[in-house]
Structure formats: structure tokens, C-alpha cells
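Asker: Return a 3D structure for these sequence lines:
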Amino acid sequence: MPRTQNKKEQPETSSVFVALVGRPNVGKSSLTNTLVGEKVAIVTKKPQTTRSRITGVITKGPVQYVLMDTPGIHTPRNKLDARMTQTAAASVKDVDVTLMLFEPSGEMTESETTMIEALRKSGPAIAVINKVDLLRGFEELEARKQQIEAMGVFDAVRTISAKDGTGCEELLEDLRRYATPGPHYFDDDAFTDMPEKELVAELIREKLLLFMRDEVPHGVAVTVESFKERPDKDLIDISVEICCERKSHKGMIIGKGGQMLKKIASAARTDCEELLGTHINLQCWVKVREGWRDSERLLDDLGFAKP
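Answerer: Numbering: from 1, shown residues only. Prediction:
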């Protein structure tokens, strides 16, 4: 007769909330995607790609890991930047442990130093030196490790490559130590808490960042105006507004004969169909909202909530 497992023998569930912080372009979103195994955060080589806190969820047996990918910490130049920086700073107060990512070499920025001092006063943190795949020797890496260890802020210093996955799985074992017993906050098969509309908007903004010139992308925002499934077809109609700050930017986004906008929409549609598992009818409209990054009202309207 098969042995019945009693409640005491069943593994106790637990969750650990983790904030990922660091300078722009240090690899927070890449690490989030690598650990989750799904694309929950857009990734480009341009700084300030992440604008709001993005949640990635990983459930491994009884332990659920909730990763909060935050905007890169930097000196604010407008009200949008200020909200992004506040979001990163506020996140470390709401979690069980913080992962602070560092470049493998180079000088620390003033914003990094400020964040390190904030971590000194808040909860536990682990330092993660990313991009070790780019190093040719170990001297710089060893010097960076010693520099970070000497700060006396971090429980551990780990080295990884978010790009090829080196050392990433081991990070989950480190994080497991900070888990708190209790129920899982998300379904075990969930990989993010972001609504489908927000994921679609982020995928479109990613294509804008990839295809447009440097001065345009950070002056754009993407919002999904309508998202309707057709009852008689395997098809979703999605209407999107691309907001920009200047009329000249609108022309650049649309392109000659509408070619640039078609290129952006086509690439985004492919990713959206893969994400949603269905065909997409995607309509993109470009509108000018002058100075939206410095307008509290427009930031609210566009969904950039205050932390």
C-alpha cells in the first residue's frame, strides 16, 4: 500500500522579494530575463531602457523568487528621470534582499556611491559583478571584487555573465537564504505580474530604441489605447499611441512614406504574436505631446506612477 505523505513532511512554501539595482546599462534587465527564462524586460544597448519597476517571477519547488528590475540609477535631468531614480531607491525598502549590479571595471559613479550608502542603512544586499565574459584577464575583476568587499556593505560578491548565463543559476541559491516562509504571492506558472497591454507597449518601445536615432527614443512613450480579442477569430486588435515631444521627431518616427513606422510595427508585431500566442492586428499612431517628460500631469496620464 503506498505511503501517504503527511502535512509535516510536505515542503514548506516560501517567497523572497529581490530588487535589482545599478547604473544604466549594467545588465539588470538581461539578468532578470535570464533568471526568469522569459522576456519580461526589454533590452537594448541604450541607457535608461527600463523606466518603471518590472516584476519577474520564478517558482522552483517550494520557493518563489520575485525579481524587481528597476530603472538605472543616474543623475536626473527631468521629472521623468526623477521618478525613475525614486523608483529604484524606494524598491530597496520593500524587499528581502537587494542585488546591486556593477561593471567589471571602471570608476564608480556618484549615483552608485549614493545607492551603496542607502544599502548600508537598509536591508541585506549582494554585489553582482556582471559582464565577466568581456574580460580578457582576471586582474581587473579581482581588483573590483576587493574594492566592493572593502566597502563592508554586501553579504557576498558574485561574478556573472547575464549574457551567457555564467554564474546566474548559483545566484538563486544565494537568494534562497533570504526567503520568508509563507504562501506564494503569484501562480506557480506565472513569470510576471505585468498586464499583457503593458508587455505589448514595452515591446514596441524596444523597437523604437533599436531602430531610431539616439535623440528620439528617450523622448517617446508608448501606451496601448485598445486591446480587443475578436470572438470569431484567433486575432487581437491592438491600437497603440506613440507619444513624442517634437513635431520633427514625429516625422522621423513615421519616416519617408511611413517606412520607419512600418518597420517598427512589423518587428513589434512578431514579438507580440510570440508573447500572446495568437495573430495580432497592430495599429500604431504617433502623437506630439511637447515637454511630457517634465510635466507631472502628462507623466500621470502616460502611466508613470510616482513611487
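Asker: In the protein, where is pLDDT below threshold?
Answerer: Within the chain, the segments meeting pLDDT under 70 span 1-10, 42-53, 72-91, 214-218, 304-307.
Asker: Not counting its own residues, what contacts the lengthiest helix in the chain?
Answerer: Longest helix in the chain, counting residues (DSSP state H): helix 259-276. Residues from elsewhere that reach helix 259-276 (CB atoms under 8 Å, 6 or more residues apart in numbering): 39, 196, 199-200, 203-204, 206-208, 210-212, 236, 238, 252-255, 279-280, 282, 284, 286. Every residue, glycine included, has its C-beta placed from N, CA and C.
Asker: Buried residues in that helix, which are they?
Answerer: For helix 259-276, burial by neighbour count (16 or more other CB atoms under 10 Å) applies to Met260, Leu261, Ile264, Ala265, Ala267, Ala268, Arg269, Asp271, Cys272, Leu276.
Asker: filter the contacts of helix 259-276 to the buried ones?
Answerer: By 16+ other CB under 10 Å, the contacts of helix 259-276 give 39, 199-200, 203-204, 206-208, 210-212, 236, 238, 252-254, 280, 282, 284, 286 as buried.
Asker: which ones among those are found in strands?
Answerer: Ile236, Ile238, Ile280, Leu282, Cys284, Val286 (DSSP state E).
Asker: Those: which two are farthest apart?
Answerer: Ile236 and Val286 (21.2 Å; CB to CB).
Asker: can you tell me how far Gly167 sits from Leu276?
Answerer: Here Gly167 is placed at a distance of 32 Å from Leu276 (CB to CB, to the nearest Å).
Asker: Need the buried residues of helix 259-276 in CSV (columns: distance to Leu20).
Answerer: Below are the buried residues of helix 259-276 laid out as CSV (distance: CB to CB, whole Å):
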residue, distance to Leu20
Met260, 32
Leu261, 33
Ile264, 28
Ala265, 30
Ala267, 26
Ala268, 25
Arg269, 29
Asp271, 22
Cys272, 25
Leu276, 26
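Asker: what's the closest of these to Met151?
Answerer: Asp271 (39.5 Å).
Asker: and Pro183, what is it in contact with?
Answerer: Pro183 neighbours (CB under 8 Å, 6+ apart): Thr13, Ser15.
Asker: Repeat that for Asp69.
Answerer: Leu20, Lys28, Ser29, Thr32, Val40, Ala41, Thr50, Arg53, Ile54, Thr55, Gly56.
Asker: Among the residues you listed, name the ones in helices.
Answerer: Among these, the members falling in helices (DSSP H) are Lys28, Ser29, Thr32.
Asker: Nearest to Glu290 among the residues you listed?
Answerer: Ser29 (29.1 Å).
Asker: circling back: neighbour-wise, which of the ones in helices among the contacts of Asp69 leads?
Answerer: When neighbours are taken as other CB atoms under 10 Å, the top entry among the ones in helices among the contacts of Asp69 is Lys28 (32 neighbours).
Asker: and it, how far is that from Leu141?
Answerer: For Lys28, the distance to Leu141 (CB to CB) stands at 19 Å.
Asker: Domain-wise, how is the protein divided?
Answerer: Using automatic domain parsing, the domains assigned to the chain come out as 12-181, 196-301.
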